[in-house]
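Provided below are the primary sequence and the corresponding predicted coordinates.
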Amino acid sequence: GENVEQHPSTLSVQEGDSAVIKCTYSDSASNYFPWYKQELGKGPQLIIDIRSNVGEKKDQRIAVTLNKTAKHFSLHITETQPEDSAVYFCAASPGSNYQLIWGAGTKLIIKP
Amino acid sequence: SQTIHQWPATLVQPVGSPLSLECTVEGTSNPNLYWYRQAAGRGLQLLFYSVGIGQISSEVPQNLSASRPQDRQFILSSKKLLLSDSGFYLCAWGRTEAFFGQGTRLTVV
């Protein structure tokens, strides 16, 4: 079955710098890759996702890149702000009605 | 638009007591429904999922059970809570994506 590994487990960056979180997956049938942001005491929120027919997707300061050959995808946050501090989860799925397989999470700390 | 409601937000229960957490979804029909548990500082553990009324799949054998009595209602239950059942419980709906409720912080004492 699918296995998703996420690195790093903790990432500390200076406010204004960029942050990159990486995930690798094992099942070549996976074609949907979402990223979630979880703030303390709240449920995870979908912030961006990508499907395997595209290599990159951008939404303001957030972007996700996908390399299907290498089976890895990354979350890029530019011009980080204090409100970006949270735990970020990646996931992978073969598609609709299949389970999302989750990474272990990355705690992102933005230093003022 | 679709919304998901999960309650209560926090719950403190004694060991051996029963549990019932409820989740409802509005604005969609026949959603996939999920219950996750999250230990402090840890990742998401899928407990149960349902693709339709009365259909429940269990991912982790444990002291908990789930039921889906209506299309957009998902209930997590236990007959007798254990200390190890403490955690943050999250309900979610979706088909490919997952949209989460705000969670229930359960403390078993």
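Structure's in. What do you need?

From B:Phe74, how far out is whatever residue of chain A ends up closest to chain B?
Evaluated by CB to the nearest CB, chain A has A:Gly43 as its residue closest to chain B, separated by 3.4 Å. Where you see a C-beta, it was placed from the backbone N, CA and C, and this is true even at glycine. For A:Gly43, the distance to B:Phe74 equals 14 Å [CB to CB, to the nearest Å].

Between these two, which is the more surrounded one?
When A:Gly43 is set against B:Phe74 and neighbours are counted by other CB atoms under 10 Å in any protein chain shown, the residue ahead is B:Phe74, at 29 against 22.

sorry, back to before: could you double-check that the residue of chain A closest to chain B lies in contact with B:Leu90?
Yes - in this structure, A:Gly43 sits in contact with B:Leu90. The criterion is CB atoms under 8 Å, and the distance is 5.2 Å.

Find residues that contact each of the two.
Applying CB atoms under 8 Å, 6 or more residues apart in numbering or on different chains, one finds that A:Gly43 and B:Leu90 are jointly contacted by B:6, B:100-101, B:103.

filter those down to the ones near chain A?
Among the shared contacts of A:Gly43 and B:Leu90, the ones lying near chain A by CB under 8 Å from any CB of the partner chain are B:6, B:100-101, B:103.

Most widely separated two among the shared contacts of A:Gly43 and B:Leu90?
B:Gln6 and B:Phe100 (8.4 Å; CB to CB).

Can you work out which residues contact both of those two?
Residues touching both B:Gln6 and B:Phe100 (CB under 8 Å, 6+ apart) are A:43, B:90-91.

Would you mind giving those residues as TSV with secondary structure and distance to B:Ile56 added?
Putting those into TSV (DSSP: H, G, I helix; E, B strand; the rest coil; distance: CB to CB, whole Å) gives the following:
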residue	secondary structure	distance to B:Ile56
A:Gly43	coil	21
B:Leu90	strand	17
B:Cys91	strand	14
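
which one of the residues you listed is nearest B:Arg42?
In terms of CB to CB, no member of the shared contacts of B:Gln6 and B:Phe100 lies closer to B:Arg42 than B:Leu90, at 12.4 Å.

need the contact list for the residue of chain B found nearest chain A.
Among residues of chain B, the one nearest chain A by CB to the nearest CB turns out to be B:Phe100. It sits 3.4 Å away. The neighbourhood of B:Phe100, defined by CB under 8 Å, 6+ apart, consists of A:36, A:43-45, B:4, B:36, B:90-92.
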